[in-house]
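Undergrad: Provided below are the primary sequence and the corresponding predicted coordinates.
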Amino acid sequence: MPYNSPPEPSVQVQRVTGGGGGVMGARERCTAHELPEAAAKHHEHAVGARQCCSAVVKRVAAPVAEVWAVVRRFDKPQAYKHFVRSCRLVCGDGGVGTLREVRVVSGLPAATSTERLEILDDEHHVLSFRVVGGEHRLANYLSVTTLHPDTAGAAEVTVVVESYVVDVPPGNTRDDTRLFVDTIVRCNLQSLARTAEALHRRGGATAIAARMANP
């Protein structure tokens, strides 16, 4: 069966110059999805010639504060990322600069991933991490996740946006890489929605605290 590549995402490119006027890189704003206006500024990535970027959006039927309580736990990605078998902090206490080692479930082309927390903004609900080592094929992976209230006015609906930039592995195309990573991100966000919505139905903050207290 022939492989049909997904369409190339639409991007807006702005050249960024250094003090001497030379071009340092390009700022690409991924617009393959309708990003909320409040989110767009957080999801602009400098993308190299052998890199790709994308963004995935998911609506979650739970308040921002409750969804954020799950997402912000850098030490516990397995609370909703079912591809994660285990996680341990290598150094740090969960704040910016913390390193974690994630072990991945079997069946994926990866074994471990060492990741550094780059941003943890509790006021604006922004989390970003960078992959800095491990046994996998996603070199220089940078993820940004933001949470936003639903602009339609649904008080208990959260819009989650996760974007990334990553190197294209040797032997793969941008489309191959984007299709693979988008699938993982989409699965993670679907799992986040199920987890947060179930906790919300069971009592919100109290249920979340109990869930996060368990190993």
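TA: That came through fine.
Undergrad: now the strands: where do they sit in the chain?
TA: With DSSP state E, the ranges of strands along the chain come out as 11-17, 23-30, 44-46, 51-60, 84-91, 99-104, 112-121, 126-135, 142-149, 158-167.
Undergrad: what are the buried residues along the third one?
TA: For strand 44-46, the neighbour count (16 or more other C-beta atoms under 10 Å) marks 44-45 as buried. Where C-beta positions appear, they are placed from N, C-alpha and C, glycine not excepted.
Undergrad: tell me what that strand is packed against?
TA: strand 23-30, strand 158-167 (3 or more C-beta pairs under 8 Å, 6 or more residues apart in numbering; DSSP states H and E).
Undergrad: mind listing the strands the last one pairs with, and their directions?
TA: Sheet pairing here is set by DSSP bridges, and for strand 158-167 it gives strand 51-60 (antiparallel), strand 142-149 (antiparallel).
Undergrad: now it: buried residues?
TA: 158-167.
Undergrad: kindly report the same for stretch 130-138.
TA: For stretch 130-138, by 16+ other C-beta under 10 Å, it's 131, 134, 136-138.
Undergrad: hey, which helix or strand in this structure has the poorest pLDDT?
TA: strand 11-17 (a mean of 30; mean pLDDT, DSSP states H and E).
Undergrad: low pLDDT regions in this protein?
TA: 1-34, 153-154, 204-215 (pLDDT under 70).
Undergrad: got the angle for the longest helix along the chain vs strand 84-91?
TA: If you go by DSSP state H, the chain has its longest helix at helix 174-201. Following axes from the mean of the first three to the mean of the last three C-alpha atoms, to 10 degrees, one obtains 90 degrees for the angle between helix 174-201 and strand 84-91.
Undergrad: for helix 174-201, which helices and strands make contact with it?
TA: strand 51-60, helix 64-71, strand 158-167, helix 205-213.
Undergrad: same for the shortest one, what does it pack against?
TA: It refers to helix 64-71. Against helix 64-71 (3+ C-beta pairs under 8 Å, 6+ apart) you get strand 142-149, strand 158-167, helix 174-201, helix 205-213.
Undergrad: these: which one's closest to K76?
TA: Of all the helices and strands packed on helix 64-71, helix 205-213 sits nearest to K76, with 6.2 Å by C-beta to C-beta.
Undergrad: how much space separates A196 from V70?
TA: 6 Å (C-beta to C-beta, to the nearest Å).
Undergrad: so which of the two has more stuff around it?
TA: A196 (26 against 20; other C-beta atoms under 10 Å).
Undergrad: would you agree that one is in contact with A62?
TA: Yes: judged on C-beta atoms under 8 Å, A196 makes contact with A62 at a distance of 4.3 Å.
Undergrad: which residues are in contact with W68?
TA: 122, 125, 147 (C-beta atoms under 8 Å, 6 or more residues apart in numbering).
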